[in-house]
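In: just to be clear, the model below is a prediction. Sequence and coordinates:
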Amino acid sequence: MNEDAIRILRSFGLDRELDLYLQMFQKARASRFAIIKLSGGTLEAKMEVVADDLAFLSKMGLTPIVIHGGGKQIDRQLKAKGIRTRKVEGLRVTDRKTMRVVERTEESLTARLVKLINEGGGRAINANGLKLITAESVGRVGGVDLGFAGKVKGANIESMARLCDKGYMPVLASLGHKDGAAYNINADTLGSWLVRKIRPKKFILVTETGGVLDKHGDLISTIDIDADLQRLISQDVVTGGMLLKVREIGALLKSVPQTVVEVCSAESLLQELFTIKGKGTFIRYTGNFIVKEDFAGLNTARMRKVIERSISKKLVKGYFKKPIDCVIVDRDYTGIMIVKRIGGVPYLDKFAVARSSQGSGLGTTMWHVMRKRYSRMIWRASASNPAISWYFRNCDGMERCGQWIIFWYNLDRGAAARLIPKVAARELTLV
């Protein structure tokens, strides 16, 4: 990654996390960096802004797979040609005449976007002609034949990956093909399908709204599908199209929980890519965790490996035979939290995220799970701990005691002061 990349990361205040992001982007296969879905409205109003950022990414050697819609432009073209627009349950009724307009409009948008990216110094490729997406007809909905409205049947994932490996950014319209004919596919649906197959680090949906909005039009910064969705529905906070989008993302996250999903504006695209939480809506799913009061039934060998590799130290023998208050582990064993107690107060004994998942938002999600369970917490770390900057940002107070920095949240100063000597004196569990 060149100096431009380092400068942009530093501009977001990521000096302490620079090595983490460099490792994350360099180790993953090029096609797994990100999938970016651009709404038709975004291309209508902000195509130059998006193209500049995508060219910037390309010059850094980063090759997201880009998918775009074009609903607004299609509606306008159909109206200009005197062709009636009909929709059933949100799906466009697409006869042969309508499909010709859809295909021509989508192809034009792809060509313009690719041209702008390449004029900005990037290496984008119009991948529509490669016919990488195969479709099948949606058929009849509500008794109406939707014609050339399609759904995804398959995709040539390896061809996309090879383009990325060669340094090209594939740009795709939401079109599929069957028996030589083009089919109109919903762009969000196509994006989600590809995410399930490719499992990128991030799935970014760029919209005119800049995020998920509540019924008053205010942006919701974070949505936990597991903890928040039913409340948002019952309180009528998120409705209509926004609710449909959130539900679709929730279903996606349950199958690919390691992918970070964010909804943002064109102006904040780079910040969303280079930070765990940017300016849009960060959507997460915390239902993918095992929470137990002991290690029974867990693969402690895998847990040991993750802890030791993430911290670059060895756990003492017999560590998993000692009593605990709680263990939180994701089902892929890439994130682990172990909580004990000191003087009746919860003590975070271990917090580790596998290197392959660092920077993915997993740590943030696990912290959210822990804070729901424990209203207060104390823990310690050495100054060389890789997570030290994280701890500084997520504590209410801290104090140095010998070789340790003691952190806490939701403890008054007196309670913390009584516990600090005990925390500092605890026996070493990593050597």
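Out: Structure received.
In: give me the number of residues near the closest residue to L116 other than its chain neighbours?
Out: Nearest residue to L116, sequence neighbours excluded (C-beta to C-beta, 6 or more residues apart in numbering): A51, at 3.5 Å. C-beta here means a position set from N, CA and C on the backbone, and glycine is covered the same way. Neighbours of A51 under the rule other C-beta atoms under 10 Å: 23.
In: check contacts around A51.
Out: 113, 116-117, 120 (C-beta atoms under 8 Å, 6 or more residues apart in numbering).
In: recalculate using a threshold of 10 Å.
Out: A51 is in contact with 43, 112-120, 122, 124, 266, counting by C-beta atoms under 10 Å, 6 or more residues apart in numbering.
In: narrow those to those in strands?
Out: Residues of these located in strands (DSSP state E): A124.
In: could you export the contacts of A51 as CSV, including distance to R96, pLDDT and neighbour count?
Out: Converted to CSV, these look like this (distance: C-beta to C-beta, whole Å; pLDDT from 0 to 100; neighbours: other C-beta atoms under 10 Å):
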residue, distance to R96, pLDDT, neighbour count
L43, 25, 95, 22
R112, 25, 97, 15
L113, 26, 98, 23
V114, 27, 98, 23
K115, 29, 98, 13
L116, 31, 97, 18
I117, 32, 97, 25
N118, 33, 97, 17
E119, 35, 97, 11
G120, 37, 95, 17
G122, 36, 96, 23
A124, 30, 97, 25
A266, 34, 94, 23
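In: doesn't the residue nearest to L116 belong to a helix?
Out: Yes: the assignment for A51 by DSSP: H, G, I helix; E, B strand; the rest coil puts it in a helix.
In: so how far is I36 from it?
Out: Distance from A51 to I36, counting by C-beta to C-beta, to the nearest Å: 12 Å.
In: repeat for A45
Out: If you go by C-beta to C-beta, the gap between A45 and I36 works out to 17 Å.
In: of the two, which one has the most company?
Out: With neighbours defined as other C-beta under 10 Å, A45 and I36 compare such that I36 has more, 27 against 14.
In: separation between the more buried one and P421?
Out: According to C-beta to C-beta, I36 and P421 sit 51 Å apart.
In: re the thing from before, what's the most distant pair in the contacts of A51?
Out: Spatial extent of these (C-beta to C-beta) is set by the pair N118 and A266 at 18.6 Å.
In: compute the first-to-last residue distance for stretch 266-281.
Out: Taking C-alpha to C-alpha, to the nearest Å, the first and last residues of stretch 266-281 lie 13 Å apart.
In: cool, and stretch 197-212?
Out: First-to-last residue span, stretch 197-212, C-alpha to C-alpha: 25 Å.
In: return the set of buried residues in it.
Out: 198-207, 209-212 (16 or more other C-beta atoms under 10 Å).
In: before we move on, what about stretch 383-399?
Out: 385-387, 390-391, 395, 398.
In: got the CA positions of that stretch in PDB?
Out: Provided in PDB are the C-alpha atoms of stretch 383-399 (Å, rounded to 0.1, in the frame of the first residue of the first chain):
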ATOM      1  CA  ALA A 383       1.700  -1.000  27.800                       C
ATOM      2  CA  SER A 384       2.800  -3.400  25.000                       C
ATOM      3  CA  ASN A 385      -0.600  -5.100  24.800                       C
ATOM      4  CA  PRO A 386      -1.800  -4.900  21.100                       C
ATOM      5  CA  ALA A 387      -5.300  -3.800  22.300                       C
ATOM      6  CA  ILE A 388      -4.000  -1.000  24.600                       C
ATOM      7  CA  SER A 389      -5.400   1.900  22.400                       C
ATOM      8  CA  TRP A 390      -8.800   0.100  22.300                       C
ATOM      9  CA  TYR A 391      -8.800   0.000  26.100                       C
ATOM     10  CA  PHE A 392      -8.000   3.700  26.400                       C
ATOM     11  CA  ARG A 393     -11.000   4.500  24.200                       C
ATOM     12  CA  ASN A 394     -13.400   2.200  26.000                       C
ATOM     13  CA  CYS A 395     -12.700   2.800  29.700                       C
ATOM     14  CA  ASP A 396     -14.100   5.400  32.100                       C
ATOM     15  CA  GLY A 397     -10.900   5.500  34.200                       C
ATOM     16  CA  MET A 398      -7.400   4.200  34.300                       C
ATOM     17  CA  GLU A 399      -4.400   4.200  36.600                       C
END
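In: quick one: that stretch to chain centroid distance?
Out: Relative to its chain's centre, stretch 383-399 lies at 24 Å (C-alpha atoms, centre = their mean, to the nearest Å).
In: model confidence over that stretch, on average?
Out: For stretch 383-399, the mean per-residue pLDDT is 89.
In: quick check: phi and psi at the closest residue to T286 other than its chain neighbours.
Out: Nearest residue to T286, sequence neighbours excluded (C-beta to C-beta, 6+ apart): D226, at 4.5 Å. Note on D226: backbone dihedrals following degrees, to the nearest 10 are phi -70, psi -40.
In: count the residues that sit near D226.
Out: Neighbours around D226, by other C-beta under 10 Å: 18.
In: how about the contacts made by it?
Out: Contacts of D226 by C-beta under 10 Å, 6+ apart are 250, 253-254, 284-289, 365, 368-369.
In: just the ones of those residues in helices?
Out: Counting by DSSP state H, the part of the contacts of D226 found in helices is 250, 253-254, 365, 368-369.
In: now list the buried members of these.
Out: Buried, going by 16+ other C-beta under 10 Å: 250, 253, 365, 369, out of the ones in helices among the contacts of D226.
In: quick check, pLDDT for the first one.
Out: pLDDT for G250: 85.
In: one more: the last one?
Out: The predicted local confidence for V369 comes out at a pLDDT of 88.
In: so what's it up against?
Out: Contacts of V369 (C-beta under 10 Å, 6+ apart): 224, 226-227, 284, 286-289, 291, 328, 330, 335, 337.
In: quick check: bridge partners of the spatially closest residue to P64 that is not a sequence neighbour?
Out: Closest residue to P64 apart from its sequence neighbours, by C-beta to C-beta, 6+ apart: A34 at 4.1 Å. On the basis of DSSP bridges, A34 takes part in beta bridges with K202.
In: was I right to think A34 contacts L205?
Out: No: with contact defined as C-beta atoms under 10 Å, A34 does not reach L205; the gap is 11.2 Å.
In: now do the shared contacts for these two.
Out: With C-beta under 10 Å, 6+ apart as the test, A34 and L205 both reach 262, 272.
In: now R84, what's its secondary structure?
Out: coil.
In: would you check how far apart the residue nearest to it when sequence neighbours are not counted and G150 are?
Out: Leaving aside its chain neighbours, R84 sits nearest to L78 (7.6 Å; criterion: C-beta to C-beta, 6+ apart). L78 is 18 Å from G150, where distance means C-beta to C-beta.
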